[in-house]
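**Student:** Pasting the sequence and the predicted model now:
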Amino acid sequence: MVLGGLVHDFDLLVDGRTGALFHTELGADHVVPVNADVSTLAFTLWLHQREQALDKEHGFTQDFHHRLADTMIEVLASVDPVACAPAAAPDDYRYWPEVFHDEAGGVL
């Protein structure tokens, strides 16, 4: 079931049997894990929102941005290993680590 969309033209899919969340590019024939379930997606979105609020208040530098992104990935991995599991193949990657490090894309 399609839950909605993510930045970068990805659809967010929910496995109705397990609750696991995946993303797929529009028109792609494969899915990639995003989060273990909806609760960890909610935590991830909260974590992202907190970073944006702190950045708006303090104006993070590029050096600090990368350290913060690494910390956010570590925190997320501690509660949702699926979200930050190492890539299993060259075309496989984890959405949130990419998003957290995408300073130029304005996601953080």
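**Tutor:** Okay, I see it.
**Student:** Strands of this structure, start to end?
**Tutor:** Using DSSP state E, the strands of the chain run over 2-6, 10-14, 21-25, 32-35.
**Student:** Out of the ones you listed, which one sits most buried?
**Tutor:** Across the strands of the chain, averaging neighbours per residue (mean count of other CB atoms under 10 Å) puts strand 32-35 on top, at a mean of 23. Quick note: C-beta positions are derived from backbone N, CA and C, even for glycine.
**Student:** Run through who's touching it.
**Tutor:** 6, 12, 20-24, 41, 44, 80, 82-83, 85, 92-96 (CB atoms under 8 Å, 6 or more residues apart in numbering).
**Student:** Need the strands of the chain in CSV (columns: distance to residue 58).
**Tutor:** What follows is the strands of the chain, written out as CSV (distance: least, CB to CB, whole Å):
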stretch, distance to residue 58
strand 2-6, 26
strand 10-14, 30
strand 21-25, 30
strand 32-35, 27
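**Student:** do you know which of these lies nearest residue 60?
**Tutor:** Taking CB to CB, strand 2-6 is the member of the strands of the chain nearest to residue 60, at 22.9 Å.
**Student:** Can you give me the distance of the closest residue to residue 81 other than its chain neighbours to residue 19?
**Tutor:** Spatial nearest neighbour of residue 81, excluding adjacent residues (CB to CB, 6 or more residues apart in numbering): residue 36 at 7.5 Å. Distance of residue 36 to residue 19, given as CB to CB, to the nearest Å: 8 Å.
**Student:** quick one: which of those two has more around it?
**Tutor:** In this view residue 36 and residue 19 are compared by other CB atoms under 10 Å, and residue 36 has more residues nearby, 17 against 13.
**Student:** Please point out which parts of stretch 88-99 sit buried.
**Tutor:** Within stretch 88-99, the residues that count as buried by 16 or more other CB atoms under 10 Å are 94, 95, 96, 97, 99.
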